[in-house]
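Enquirer: Mind folding the following:
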Amino acid sequence: MKIHFVEAITTIALVALLSIQGIWLYNTYNLLYHNLIATFDEGFARSIEKEVYLRLDNNNSERYNDDKALKIVAGARPDQDFYSNALAFHEFLLTFDIPMSLKTMDSIWSQRIRDEVPGTVKYRLIHTDADGMVIEEINRGANENSTDKLIIERPIRNDRSESLRVMIDSPYKIVISNMMVLLITSIVVAMILGYCLFLQVRMIRRQMMITQVRHDFIDGMVHNMKNPVAGIQISANFLKSGKLDNNTEMKETFIDSLLTNANRLLAFTNQILTVSHDTSNNIKLNKRDVDLNELFDRLIAEYILSPGNGIGFVTDMADHTIIHADNDMMIEVFRNLIDNAIKYSKDNIEIRISAENRQHDTVISIRDNGIGIARKDLKRIFDKYERAASHDKRKIGGFGLGLYFVNLAVTAHGGSVSVKSVPGEWSEFIIQIPNVKS
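Expert: As a prediction, this is how the structure comes out:
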């Protein structure tokens, strides 16, 4: 299964789950908002009713003992709703000049919303006439310029000549504060879900990378072993055939070729073992004085004598440029760098090699005229299994261990390796080996 398909399915699943969660939160918000409006509306009407009956109870009953008061209160019937009855008794009280007390109404209303609505509710309580003119007002922390208000209005006269209005600030904040635990839980669940899906995709990516690395490793190992094995086979067949028994010089050439290819196989095996240590501290070195002039002469001869290479070498080294290092390991270091220069070069290959003994270290530079390395690859090109992305990896052999080995081996010598490159023009690897015999 392609990783992009897995990522697409995972993304669609995540978006779908988040969308469902978003719709659920939105519907929950709407439900709570409408429930809040119903709570405020019911509470406001009940507060008006309570204020009316408090006035009825608190005033001296002797005031209602005349003939007018003894009549049944007009409009009040047991079979109608509570608010219509409250208005009827309010009209009755007004005939005795007992008006509504906005202060009492505010006290009843504020106590009711404290009991029924969590949090602080800011509001304005307004008594208005039929034209909307304010007769009396009480403000409980409300912002008069705010445009986000919930307005509930109730008539307090049967002819609708007067009304009570409550204007509640930022009702959505009240709803959100009531949903806070739910919102936090939803966010945490969404984050956990997203992180789990991210881990799933990363795990699949890593597994696919391991599979690809294993495939590339096998391909690269076979590729690197094929030429030496073929060379050994050819040399061995010629020597076994007896055709070279009378040609001592040619016989020695084939014996040298056999030994060279065998040594390359051994060096390649040692390189794999070195890389498997995974740290420069675990590498055992057999240090001695190594003449870089002789070392590079042998290496260059190998490449020049190989058929079909067409490689040009330019060297710039003082006589007897010496480093104290493991000879076999440094040969493999430089061979890796030259192999890379050849693999990633154009038709006319030119490799410049220079070395200089300085006071505290020796600097060796290997520069090619190849395709270069992209800037984004420079920082990770010495990592294990990493290969530059500026070329077709499928067409060029290797499995991302060569430069890793170079860095590991140079570090084991207490040195350092760096790279400079201009994409499309050249690459230069610079190795510094300290002049310390230890």
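
Enquirer: where are the low-confidence patches of the stretch 151-300 of the chain?
Expert: 213, 216-218, 220-221, 223-224, 271, 273-282 (pLDDT under 70).

Enquirer: where exactly do the helices run in it?
Expert: Ranges of helices in the stretch 151-300 of the chain, per DSSP state H, counting those that start in this stretch, are 171-178, 180-241, 248-277, 292-305.

Enquirer: taking those helices together, which one is wrapped up most tightly?
Expert: Mean neighbour count (mean count of other CB atoms under 10 Å) peaks for helix 171-178 among those, with a mean of 17. The way it works is simple: take the backbone N, C-alpha and C, and place the C-beta from them, glycine included.

Enquirer: Please tell me how far it is from the chain's geometric centre.
Expert: Put simply, helix 171-178 sits 32 Å off its chain's centre (CA atoms, centre = their mean, to the nearest Å).

Enquirer: by how many degrees do that helix and helix 180-241 diverge?
Expert: 60 degrees (axes from the mean of the first three to the mean of the last three CA atoms, to 10 degrees).

Enquirer: What is helix 171-178 packed up against?
Expert: If you count contacts as 3 or more CB pairs under 8 Å, 6 or more residues apart in numbering; DSSP states H and E, helix 171-178 packs onto helix 3-58.

Enquirer: just how off-centre is the helix it packs on within its chain?
Expert: Here the centre of helix 3-58 is set off from its chain's centre by 33 Å, with CA atoms, centre = their mean.

Enquirer: for stretch 292-303, same thing?
Expert: Worked out by CA atoms, centre = their mean, stretch 292-303 lies 48 Å from the chain centre.

Enquirer: Look up which helix or strand Leu125 falls in, please.
Expert: Assignment of secondary structure by DSSP states H and E places Leu125 within strand 123-129.

Enquirer: Hmm, Val314 is touching Ile353, no?
Expert: Yes. Between Val314 and Ile353 there is a contact under CB atoms under 8 Å: 7.2 Å.

Enquirer: who's more crowded, those two?
Expert: Ranked by neighbour count (other CB atoms under 10 Å), Val314 and Ile353 place Ile353 first, with 21 against 10.

Enquirer: contacting residues for the more buried one?
Expert: By CB atoms under 8 Å, 6 or more residues apart in numbering, Ile353 lies in contact with Phe296, Ile300, Phe313, Val314, Thr315, Asp316, Met317, Ile364, Ser365, Ile366, Arg367.

Enquirer: go again using 6 Å as the cut-off
Expert: Phe296, Thr315, Ile366 (CB atoms under 6 Å, 6 or more residues apart in numbering).

Enquirer: and what of Pro423?
Expert: Gly372, Ala374.

Enquirer: State the pLDDT value of it.
Expert: Looking at Pro423, its pLDDT is 89.

Enquirer: Tell me the backbone dihedrals of it, please.
Expert: phi -50, psi 130 (degrees, to the nearest 10).

Enquirer: The closest residue to His90 other than its chain neighbours and Tyr83, how far apart?
Expert: Spatial nearest neighbour of His90, chain neighbours left out: Val52 (4.9 Å); criterion: CB to CB, 6 or more residues apart in numbering. Separation of Val52 from Tyr83 (CB to CB, to the nearest Å): 10 Å.

Enquirer: For the helices of the stretch 151-300 of the chain, could you give me CSV that also reports distance to Ile152?
Expert: Compiled in CSV, those are given as follows (distance: least, CB to CB, whole Å):
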stretch, distance to Ile152
helix 171-178, 10
helix 180-241, 24
helix 248-277, 78
helix 292-305, 92
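
Enquirer: Nearest to Ile12 among the ones you listed would be which one?
Expert: Between Ile12 and the helices of the stretch 151-300 of the chain, the shortest gap by CB to CB is with helix 180-241, which sits at 10.8 Å.

Enquirer: where in the stretch 301-438 of the chain is pLDDT low?
Expert: For the stretch 301-438 of the chain, the ranges with pLDDT under 70 are 305-310, 385-400, 437-438.

Enquirer: ranges for the strands of it?
Expert: For the stretch 301-438 of the chain, the strands defined by DSSP state E, counting those that start in this stretch occupy 311-317, 322-326, 349-357, 361-368, 416-422, 426-434.

Enquirer: Let me have the ones you listed in a markdown table, extended by distance to Val117.
Expert: Listed next are the strands of the stretch 301-438 of the chain as a markdown table, based on distance: least, CB to CB, whole Å:
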| stretch | distance to Val117 |
| --- | --- |
| strand 311-317 | 86 |
| strand 322-326 | 81 |
| strand 349-357 | 82 |
| strand 361-368 | 77 |
| strand 416-422 | 68 |
| strand 426-434 | 72 |
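
Enquirer: So Val52 and Tyr83 - more neighbours on which side?
Expert: A direct count of neighbours by other CB under 10 Å for Val52 and Tyr83 places Val52 higher, at 24 against 18.
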